[in-house]
Structures are given as C-alpha cells and as structure tokens.
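> The amino acid sequence is not available; the structure is as follows:
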C-alpha cells in the first residue's frame, strides 16, 4: 500500500505508461472510457489511462479509500466538456496536475495551493519555429552560446517550466508561453516576468524535477511559501486486495 500523504506537502509521482489491462481499465468511469476511446495511438491511450489510475490510486491511499471510489471531474471551464484538467470535486480537496511525454507520466498533488506539473522528453534537435512558440525575447540569447545537445536540453527545460506555470493558473492556450520569462536554464527554476495577472513572480514557487535521463520536468505552485516537493516513483501493484 502507498503511504498516506500528509497535509501541507506537495508530492510529485512519476510512472511509466501502464498496459491496457482490465484491472486498470476498471478504474475509469464512463466519461474517461469515452476519452480513452478517442485516442488513436495505443501509447496515447496508455498515457491517459496511467494518469487517471495514478491519480486515483494516490488520492485513495491519502484518504484511506479504494481507488475505484475516487471520481475526478475534468469539466472544461469554457465549454463544460470533460477534457479539462482533472480535479477532485470534494470540499478542501488537494490540487492536482497530470502530465505525460514519451515513457513518463507525472502527477502532482498539493494541499496548499494550485499546482502545475510538466514533463518533456528531450528531442534530438529543436525544429524551426519552436523557439518562437516557447521562448520570450529575453530568453532566446541565452541559448546561442550552447552546443546543439546543450541547446536541446535547455530548450525543453524552458518548455517544461512554462507548461507547469500555465497548468497551475489553468489558462492553457490563452496564455502564450513567450509572454512568460523564467530564469536561465543553468539556475534554479523561477518565474521572472509575466504579462498575465494570473501569474506573478512574488506569488509563484517553482522547482525543476528529476524525471530520469532524457527528460526535463518542472513544478509550479501558486504560493509565496517555500515549497519543497517530494518526488517519488510509482510502481503498480498487480492487484488490489
């Protein structure tokens, strides 16, 4: 069994994608099965399934419940369709964020403030146009002096930091990443500037995370408090007692 998570702690769990086994599929509700079926690629199905199973398993252990009793609400704030960020629709529930890339699925659970997590697989190169999609004008010169390998690692680190920030404030595509400026790739993660009132450096805490070789990951929490997250790897049990 998972250890129950104490309040006041922000924990990030990493997992590899689960197989599409019946024991995991049974933990999805009707709407989640609909979303699963909409994915065309098996790996996308596996990553979606893993995010939901991981969230329900961790939340169940936190409250001494069984995973199948956990219901997540993914209603979109704009259209009410079930494709928004998942949340636990219960009073005083912790905040959640799920991310996935390649062979990594991440879950952040935080009891003190809104949270966002992101993980990015480092590509071999950065395609044309990606700088403009991710980096602010202040950040681009920082990468010019790096080798190609260093540049790719730094770039995907910037991407993970900004995705985590956007997830934390729940703005999605309404907040373009170049409107955020974060600290240099070789220094601790920090929000330096934002054009959005939803994100302010003085009330945002960030951390880079270790997701393993070939990945960059980051966490953002909308609080001025000094949050020190715990990072864990989730290893599924074959069955629930």
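Right, received. Where do you want to start? Nothing here was measured: the structure is a model prediction, and the numbers come from that model.
> hang on, residue 119 in a strand?
Yes. Applying DSSP: H, G, I helix; E, B strand; the rest coil, one finds residue 119 inside a strand.
> what's it in contact with, if anything?
When contacts are counted by CB atoms under 8 Å, 6 or more residues apart in numbering, residue 119 touches 14, 99-101, 104-106, 160, 209, 211, 215-217. Using the backbone N, CA and C atoms, a C-beta is placed for each residue, glycine as well.
> in this protein, which ranges drop under the pLDDT threshold?
When residues are selected by pLDDT under 70, those of the chain lie in 1-8, 124-125, 128, 238-241.
> all strands of it, in order?
10-15, 95-101, 104-110, 115-121, 180-182, 191-194, 205-209, 215-221, 230-233 (DSSP state E).
> between the second one and strand 10-15, how many degrees?
On the basis of axes from the mean of the first three to the mean of the last three CA atoms, to 10 degrees, strand 95-101 is oriented at 30 degrees to strand 10-15.
> Strand 95-101 versus strand 115-121: what angle between them?
Going by the same axes, to 10 degrees, strand 95-101 makes 10 degrees with strand 115-121.
> partners of strand 95-101 in the sheet?
Applying DSSP bridges to the sheet, strand 95-101 is found paired with strand 104-110 (antiparallel).
> next one: the first one
Sheet pairing of strand 10-15 (DSSP bridges) gives strand 104-110 (antiparallel), strand 230-233 (parallel).
> center of this protein - which residue?
residue 117 (2.8 Å; CA atoms, centre = their mean).
> To what extent is the nearest residue to that one once chain neighbours are set aside buried, counted in neighbours?
The shortest distance from residue 117 to any non-neighbouring residue, by CB to CB, 6 or more residues apart in numbering, is to residue 108 (3.7 Å). Residue 108 is flanked by 29 other residues according to other CB atoms under 10 Å.
> Equivalent analysis for residue 144, please.
7.
> How much space separates it from residue 182?
In this view, residue 144 and residue 182 are 17 Å apart by CB to CB, to the nearest Å.
> Contacts only, for residue 82.
31-32, 34-35, 74-76.
> Out of the strands paired with strand 10-15, which is closest to residue 199?
strand 104-110 (16.1 Å; CB to CB).
> Next, give phi and psi for the closest residue to residue 202 other than its chain neighbours.
Nearest residue to residue 202, sequence neighbours excluded (CB to CB, 6+ apart): residue 224, at 6.1 Å. Torsion angles at residue 224 (phi, psi; degrees, to the nearest 10) stand at phi -90, psi -10.
> So which of the strands paired with strand 10-15 is the most surrounded?
Of all these, strand 104-110 has the most neighbours on average by mean count of other CB atoms under 10 Å, namely a mean of 26.
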